[in-house]
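Novice: 3D model of this:
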Amino acid sequence: MPKFFFYAGTGFCLFLALCAAAGVVSQADGGALAFVAVHGAVVSAKSAASWAIIVALVAGIATSAILVRMAALLAARNVFGALFALLSTAAAVVSLAWTLLLQTRMLMLLRHGAAYGDLAQFHFAAVMMLGCFVSLTFLALRPYFSVQASRVLSALVFLPFPLYCLILAQELFVSTRLSPLPSASPAAVVFFGVVAVLFFAIAVHCIRHRHMFIEMTNLRELLDTRVDRTSRPLGSVAFDS
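Specialist: Numbering: from 1, shown residues only. Predicted coordinates for the structure are as follows:
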C-alpha cells in the first residue's frame, strides 16, 4: 500500500485509541457515552461538530485501509477469514458513514429549530451496527494476529464481540429510556478499554512490521514452495509457521 495511506492509517489508529481511552476516562468519572456532535441528549450546533464528523469519516476510512491490508496478508493462509474481514470492514465503513450522515441531519434540524427526536432510533441502530461490525472485524482478523502478534493481542480480539452482545442485551431488555446513544455501563467501559488497547497495539504492530504493509506482496511467491524466499524476507516473516 502507498506510504501515505500507511502512515495516515497508523496515525489514525493511534487517534482512535486515544479517543476510546478518553471515553473510558469520561465514563469512569460518571459521564455518559457521547460523540462529538451528539452530547447525550443535546446536539452541538457549533462548527467544531461539523469538523468532528469529517475527521471521524477520514479516520474510519484510513483505519480501514490498514485492516484491509491485514486481510490481504491473511489471504495466503486463510481465505475465508480474509474475505470475512474484508466484508466486515466494508460494512463497518458503511455503518460509520450512515451514523455520521444522521449526525449531520441532527445538526441541520437543530440549526433550523426543529426536533431531532425522530432520528434517535435510527442513530441508535447505526451506532449498534457500527459496534457489531467493528467487533466482527477484530474477530475475523484473529488468525492474522495469532501469527504476527503476541498471544495477548490474539486473545483480546475475542472480547469486543461478547461485550457488544452484552451491551445490546442491556439496551433491549434493561434500559427503558429512548436515547440516540447506548447508556453508560461497566460493559461499555470495558468495551472501549479493549478497543483502545487493540487500536494502540495495531498501530505499534504496523510500525514494527511496516515492510509488510509498504512493500509489494506477490501472493504466488508466498504460496509456491519452489520460490526462493531468502531474497524476499516478506514471505518468511509474514507467514512462517
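Novice: contacts, neighbours, all on C-alpha from now
Specialist: Fine.
Novice: And the nearest residue to residue 131 once chain neighbours are set aside, which helix or strand is it part of?
Specialist: Closest residue to residue 131 apart from its sequence neighbours, by Cα to Cα, 6 or more residues apart in numbering: residue 164 at 6.8 Å. Per DSSP states H and E, residue 164 falls inside helix 160-173.
Novice: Residues contacting that helix, please?
Specialist: Applying Cα atoms under 8 Å, 6 or more residues apart in numbering, the contact partners of helix 160-173 are 128, 131-132, 135-136, 138-139, 182-183, 187-188, 190-191, 194-195.
Novice: Can you flag the buried ones in those residues?
Specialist: 128, 131-132, 135-136, 138-139, 182-183, 187-188, 191, 194-195 (16 or more other Cα atoms under 10 Å).
Novice: Now the two most distant members of these.
Specialist: 139 and 183 (24.4 Å; Cα to Cα).
Novice: what's the single longest helix in this protein?
Specialist: Longest helix in the chain, counting residues (DSSP state H): helix 79-111.
Novice: So for the nearest residue to residue 124 once chain neighbours are set aside, what's the pLDDT?
Specialist: Nearest non-adjacent residue to residue 124, counting by Cα to Cα, 6+ apart: residue 180, 4.6 Å away. On the pLDDT scale, residue 180 is placed at 75.
Novice: With the one 10 residues further on instead?
Specialist: For residue 190, the pLDDT comes out at 88.
Novice: same deal with residue 210?
Specialist: Residue 210 is given a pLDDT of 78.
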